[in-house]
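Just need the structure, nothing else, for what follows:
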Amino acid sequence: MPLLSIITPSHNPVREHLLAAYESVRSQRLPEGWEVEWVIQEDGATGAALEILPRDPLIRFETGRRGGVALTRNLALARSRGELVKNLDDDDVLMPGVLTRDIGVLAADPLVRWTTSRVLDLLPDGSTAGFDGDPPGGRLEPGFVYDHWRANGYRLPVHPTTICIRRDLAVALGGWMGIPGSDDTGLLVPASVISHGWFHPEVGLLYRKWPGQETASPAHYAALEWDLRMRLVEERAQAVRTLWPHATT
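Residues are numbered from 1 along each chain as shown. Predicted structure coming up:
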């Protein structure tokens, strides 16, 4: 039976955030014949997530030594079994129907190798805010995401945290990029230069904005580190385009 793996790194999870993520996974409805597993990998060895979550065969949990979010995602990827891999942070919320839409596109169109979805920011007061720069829904040609990203000060036209990607492509690219932040950008951008993607205009994720998230830290936007990260992501994208020039055919 085909399987989709949801990959979630976790470190010092906030109880209400993790339970909201769990409910959003548990309540998903899948196309007939498909199954889902939620692979949670702790960045550390406290077992904190297990103390919060109910016992559920949907969840596959493991601990590991501290290594940061990219390493933790990749350990979860190694443990996962799905032919499709879906990203989810432990403080975000999947919207109803998103897995059905992801599977529907990827199962129907072998040319499409990854999908993304519209995102709403989930603010601390419970309100949401959208982004007015989304592309039209549908297939995204190879190079579209990369070219937009380069031309707009390393701002993506789609949110990398919403990615659902074929396992073989994710593994071939080395999984989430081993950099201190922007590791999801480091996967999406090179994937986007050598393969077709898809953008769902329906909201697929509530992206929680709160003071404890990694991207709220001033260090995440420190100029020198940011420049180094973006330069390496760009070099990776250019390298895979050069090495795999016929990957989209």
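
This structure: strands as residue ranges?
With DSSP state E as the criterion, the chain has strands at 3-10, 35-42, 59-62, 84-87, 93-94, 112-122, 128-129, 138-140, 164-166, 196-208.

Let's have the ones you listed in TSV, adding mean pLDDT, mean neighbour count and distance to Leu77.
In this view, the C-beta of every residue, glycine as well, is placed from N, C-alpha and C. Listed next are these as TSV, based on pLDDT from 0 to 100; neighbours: other Cβ atoms under 10 Å; distance: least, Cβ to Cβ, whole Å:
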stretch	mean pLDDT	mean neighbour count	distance to Leu77
strand 3-10	98	25	6
strand 35-42	98	22	8
strand 59-62	98	16	12
strand 84-87	98	26	6
strand 93-94	98	21	18
strand 112-122	98	22	14
strand 128-129	96	12	29
strand 138-140	98	17	23
strand 164-166	98	25	10
strand 196-208	98	20	19
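
could you dump these to CSV with distance to Ala78?
Shown next, in CSV, are the strands of the chain (distance: least, Cβ to Cβ, whole Å):
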stretch, distance to Ala78
strand 3-10, 10
strand 35-42, 9
strand 59-62, 10
strand 84-87, 11
strand 93-94, 22
strand 112-122, 19
strand 128-129, 34
strand 138-140, 28
strand 164-166, 15
strand 196-208, 24
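
closest one to Leu75 among the ones you listed?
Across the strands of the chain, Leu75 has its closest neighbour in strand 35-42 (4.9 Å, Cβ to Cβ).

Give me the residues contacting that closest one.
With contact meaning Cβ atoms under 8 Å, 6 or more residues apart in numbering, strand 35-42 is reached by 1-11, 22, 25, 28, 30, 48-49, 58-64, 72-73, 75-76, 79-82, 88, 90, 99.

Send me it as CSV with only the CA atoms.
Presented in CSV, the C-alpha positions along strand 35-42 are these (Å, rounded to 0.1, in the frame of the first residue of the first chain):
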residue,chain,number,x,y,z
GLU,A,35,-1.6,5.3,4.3
VAL,A,36,0.3,8.0,6.3
GLU,A,37,3.0,7.8,9.0
TRP,A,38,4.1,10.7,11.2
VAL,A,39,7.9,10.3,11.8
ILE,A,40,8.9,12.5,14.7
GLN,A,41,12.6,12.8,15.4
GLU,A,42,13.8,14.5,18.5
